[in-house]
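Peer 1: Predicted model and sequence below, questions to follow.
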Amino acid sequence: MQHNKSVMRNKFASLLVLSLVTVVLSITDPGDLDVLMQFRDGLENPELLKWPENGGDPCGPPSWNHVFCAESRVTQIQAQGMGLKGSLPQNLNKLTMLNNIGLQRNQLNGKLPSFSGLSNLQYAYLDYNNFDSIPADFFDGLDDLEALALDHNNFNATTGWSIPKALQNSAQLTNFSCMSCNLIGSLPDFLGSMPSLTNLKLSDNKLSGEIPNTFNGSVLQMLWLNGNQFTGPIDVVATMESLTVLWLHGNLFSGPIPDNIGNLTLLQDLNLNTNNLVGLIPNSLANMKLDTIDLNNNQFMGPIPMFKASNVTCASNKFCKASQGLPCSPEVMALLRFLRGVNYPSRLVSSWTDNEPCNWVGIRCNGEKVSIINLPHYNLSGTLSPSVANLDSLSQIRLQSNNLSGPVPDNWTSLKSLETLDLSGNNISGPLPKFGSTVKLLIADNPLLNGDKKAPSTGDNAPSRSLGFPTNSRSTSSKGSGSSPTDSSVESTEPKGSKQSTFVSIVVPVASFVVLAFLVVPLSIYCCKKRQDSKLAPSLVIHPRDLSDSDNAVKVVVVSNTKGSTSALTGSGSASRNSSNIGESHIIEAGNLVVSVQVLRNVTKNFAPENELGRGGFGVVYKGELDDGTQIAVKRMEAGVITSKALDEFQSEIAVLSKVRHRHLVSLLGYSIEGN
């Protein structure tokens with residue numbers, strides 16, 4: 001009997017000890033419990049969690065809903081998509097053993113607590129909530145972090161925020177998503193070199209700048225940068241050979257699609273919609289067997305290739321044809337390759353569309369063949385393309401006063417119709433190919449040519465710099481005439497140093513009456529003379545020339561008031577007046593001051609009132625812009641009566657003042673006299 005009682009006492013003691021051990025092992029860490037209680041208290045609708053209001057142990061048994069523990073420590077909170085409203089406790093980072101938190105797709109608001117020091121955290125999903133700020137130290141010490149989603153939270157709405165450098169210490173990070181979270185600034189360099197990062201989604205923010213070079217060769221598989229303000233080329237993405245999805249739509253990227261994009265053999269989804277991308281579609285892209293390609297709303301040019309992708313959209317571009325597989329004309333392709341060499345300037349890209357190059361800015365045709373490339377002062381940079389040699393009817397190439405570099409292609413010497421090649425005022429390098437004796441080569445002011453004034457040609461290669469007034473009209477001159485563009489396109493020698501001027505005025509404003517009266521580009525003169533004695537043409541356009549330049553021969557067109565006939569005089573330097581009547585043309589040698597009144601009417605919109613800059617005692621000053629973008633000031637002087645002597649004095653002043661240079665005077669570019 002005594003033995004049985006002893007056995008019973010031992011069993012009871014054992015059960016009591018076991019029970020006490022169980023109770024001890026099931027009690028949640030007090031610090032963790034305190035954080036969970038604050039979490040519940042901060043919610044407007046805590047009943048959705050179905051946690052006990054009094055007592056109970058989060059780690060159980062039974063454990064609370066949505067809470068997971070290990071050895072009395074909270075390791076997970078999973079309460080996604082429950083419609084929870086309220087704020088999170090600011091001491092959430094005291095759950096130091098937390099490795100997974102999923103609170104996405106709720107209505108949580110307020111300040112996001114710092115996660116600093118959560119060194120065991122691997123997965124954090126806080127996206128699709130209403131958090132309004134994120135602390136600067138949020139990313140500190142997240143050593144084991146593998147996935148972080150912060151999408152669709154309007155953090156720091158007033159100022160925006162940038163991804164801190166502390167994130168680069170999360171070496172295990174594979175997925176980072178922060179779409180629509182009010183990011184600003186540039187794309188952090190370190191994101192391109194994180195060794196484990198495979199998915200980066202930063203869509204619909206206010207990020208700007210270029211994609212950093214650190215992304216070269218990145219291991220990223222999914223890159224979403226759409227809906228930002230990124231600029232610059234996209235060349236670097238062609239080196240990211242692990243990519244399967246690339247979304248760059250809705251930005252300001254520019255330049256062409258890189259030719260080596262075909263190296264992305266794993267790519268399945270490419271979206272470049274709504275950017276400023278230009279140029280030809282690379283064959284390497286056309287041959288890729290993607291699921292989806294979206295090229296809409298860019299400035300792609302040339303033909304639409306036959307794509308091998310399953311779904312392709314490429315509307316709202318500048319292709320020469322509307323359907324896949326249809327070629328452009330050979331001349332269009334030659335010019336587009338030239339355009340690529342000069343880095344696709346936007347002013348030309350906007351004009352060089354369709355399959356009719358004769359309608360393009362800076363291009364003139366003889367019949368249906370391109371005969372002139374006239375693009376001076378267009379701020380062109382880059383190199384000269386050998387493709388120009390395929391324009392076999394080309395007689396003039398005028399590319400003066402740009403920023404072109406590199407050599408002149410050797411095959412340009414095969415242009416049999418070429419008469420003038422003006423490359424003055426660039427950075428062309430040698431050696432120059434040998435052109436035939438019929439080609440006039442103008443190469444002044446190219447520092448890399450070591451000051452050479454003569455090209456290796458037996459022709460007249462006197463260096464010169466010209467100012468062009470581009471036109472798009474077809475030329476009616478015979479092939480090889482080499483004449484200057486007609487009344488809507490003329491050229492003149494530009495004074496040295498004027499290349500740096502951003503605003504070039506045609507008149508020089510000075511106090512002197514003589515200077516003010518005679519530094520005029522267009523001069524409107526009404527001559528009150530008897531009709532029977534008058535020989536004054538209603539329009540007198542003066543085209544002086546350089547004696548060595550046959551392309552700028554003087555042409556004076558006089559239209560008779562009485563008979564309506566037209567006569568043209570071509571001379572050198574001056575045509576004398578044989579009477580005191582100013583109806584006879586009198587041309588002085590004042591440099592190549594070649595401006596027609598029609599050009600001036602065009603650039604001032606027919607002297608429109610809205611272009612008026614001011615009025616003085618001797619006329620009205622208008623603003624205008626030439627086709628090449630040069631801004632000019634045009635002073636239009638009117639008079640009731642003008643004598644032959646007054647006209648002589650005016651022309652003499654022009655001859656003198658065209659050579660005047662002073663830092664307080666703007667340059668005189670030209671003048672014109674109109675009889676009516």
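Peer 2: Perfect, I can see it now.

Peer 1: got a list of what Gly209 touches?
Peer 2: 185-187, 230-232 (Cβ atoms under 8 Å, 6 or more residues apart in numbering). For glycine as for every other residue, the C-beta is placed from the backbone atoms N, C-alpha and C.

Peer 1: is it in a bridge, and if so with what?
Peer 2: Legend: beta-bridge partners of Gly209 under DSSP bridges are Phe230.

Peer 1: likewise Cys365?
Peer 2: Val370.

Peer 1: Now the residue lying closest to Phe307 once chain neighbours are set aside: phi and psi?
Peer 2: Excluding the flanking residues, the one nearest Phe307 by Cβ to Cβ, 6 or more residues apart in numbering is Ala286, at 5.2 Å. In terms of degrees, to the nearest 10, the main-chain angles of Ala286 are phi -60, psi -30.

Peer 1: element containing Phe300?
Peer 2: strand 299-304 (DSSP states H and E).

Peer 1: Am I right that Leu173 is in contact with Asp144?
Peer 2: No: using Cβ atoms under 8 Å, Leu173 makes no contact with Asp144, being 9.5 Å away.

Peer 1: These two: which has the busier surroundings?
Peer 2: More neighbours surround Leu173 than the other of Leu173 and Asp144, with 25 against 16 (other Cβ atoms under 10 Å).

Peer 1: Give me the distance between that one and Val599.
Peer 2: 62 Å (Cβ to Cβ, to the nearest Å).

Peer 1: ranges for the helices of this structure?
Peer 2: 2-26, 30-41, 283-286, 330-341, 346-349, 513-518, 597-603, 644-657 (DSSP state H).

Peer 1: averaging pLDDT over each of those helices, which comes out lowest?
Peer 2: Ranked by mean pLDDT, the helices of the chain bottom out at helix 513-518, which scores a mean of 40.

Peer 1: before we move on, the earlier item: make TSV out of the contacts of Gly209 and add pLDDT, neighbour count and distance to Met179.
Peer 2: As requested, the contacts of Gly209 are exported to TSV (pLDDT from 0 to 100; neighbours: other Cβ atoms under 10 Å; distance: Cβ to Cβ, whole Å):
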residue	pLDDT	neighbour count	distance to Met179
Gly185	97	14	16
Ser186	98	13	17
Leu187	98	24	14
Phe230	98	23	15
Thr231	98	16	20
Gly232	97	14	22
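
Peer 1: Can you tell me which of the residues you listed is nearest Val621?
Peer 2: Thr231 (37.7 Å; Cβ to Cβ).

Peer 1: In contact with that closest one, which residues?
Peer 2: With the criterion set at Cβ under 8 Å, 6+ apart, Thr231 makes contact with 208-210, 251-254.

Peer 1: Buried subset of the residues you listed as a PyMOL selection?
Peer 2: Selection of the buried residues among these in PyMOL, burial being defined by 16 or more other Cβ atoms under 10 Å:
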select buried, resi 210+251+253+254
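
Peer 1: tell me which of the contacts of Thr231 is nearest to Ser180?
Peer 2: Closest to Ser180, out of all of these and judged by Cβ to Cβ, is Asn251, at 15.2 Å.

Peer 1: leaving aside the residues next to it on the chain, what's closest to the closest one?
Peer 2: Phe230 (4.3 Å).

Peer 1: distance of that neighbour from Leu264?
Peer 2: Taken as Cβ to Cβ, the span from Phe230 to Leu264 is 19 Å.

Peer 1: Ok, Thr630 next?
Peer 2: For Thr630 relative to Leu264 (Cβ to Cβ), the value is 43 Å.

Peer 1: I figured the residue nearest to Asn251 hits Gly250, correct?
Peer 2: No: in this structure, Phe230 is not within contact of Gly250 by Cβ under 8 Å, at 9.5 Å.

Peer 1: what packs against the strand holding Phe300?
Peer 2: Using 3 or more Cβ pairs under 8 Å, 6 or more residues apart in numbering; DSSP states H and E as the contact test, the elements touching strand 299-304 are strand 276-280, strand 318-324, helix 330-341.

Peer 1: Reformat those as JSON lines; add distance to Gly382 and mean neighbour count.
Peer 2: Formatted as JSON lines, the helices and strands packed on strand 299-304 follow (distance: least, Cβ to Cβ, whole Å; neighbours: other Cβ atoms under 10 Å):
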{"stretch": "strand 276-280", "distance to Gly382": "12", "mean neighbour count": "21"}
{"stretch": "strand 318-324", "distance to Gly382": "19", "mean neighbour count": "16"}
{"stretch": "helix 330-341", "distance to Gly382": "5", "mean neighbour count": "21"}
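
Peer 1: any chance of these in TSV, with distance to Lys623 too?
Peer 2: Listed next are those as TSV, based on distance: least, Cβ to Cβ, whole Å:
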stretch	distance to Lys623
strand 276-280	28
strand 318-324	30
helix 330-341	30
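
Peer 1: So which of the ones you listed is nearest Leu668?
Peer 2: Judging those by Cβ to Cβ, what sits closest to Leu668 is helix 330-341, at 33.1 Å.

Peer 1: For the closest residue to Gln38 other than its chain neighbours, list the residues it contacts.
Peer 2: Closest residue to Gln38 apart from its sequence neighbours, by Cβ to Cβ, 6+ apart: Pro89 at 3.9 Å. Listed by Cβ under 8 Å, 6+ apart, the contact partners of Pro89 are 35, 38-39, 42, 113.

Peer 1: where are the low-confidence patches of the chain?
Peer 2: 1-26, 450-594, 596-598, 616-618, 627-629, 638-653, 655-667, 674-676 (pLDDT under 70).
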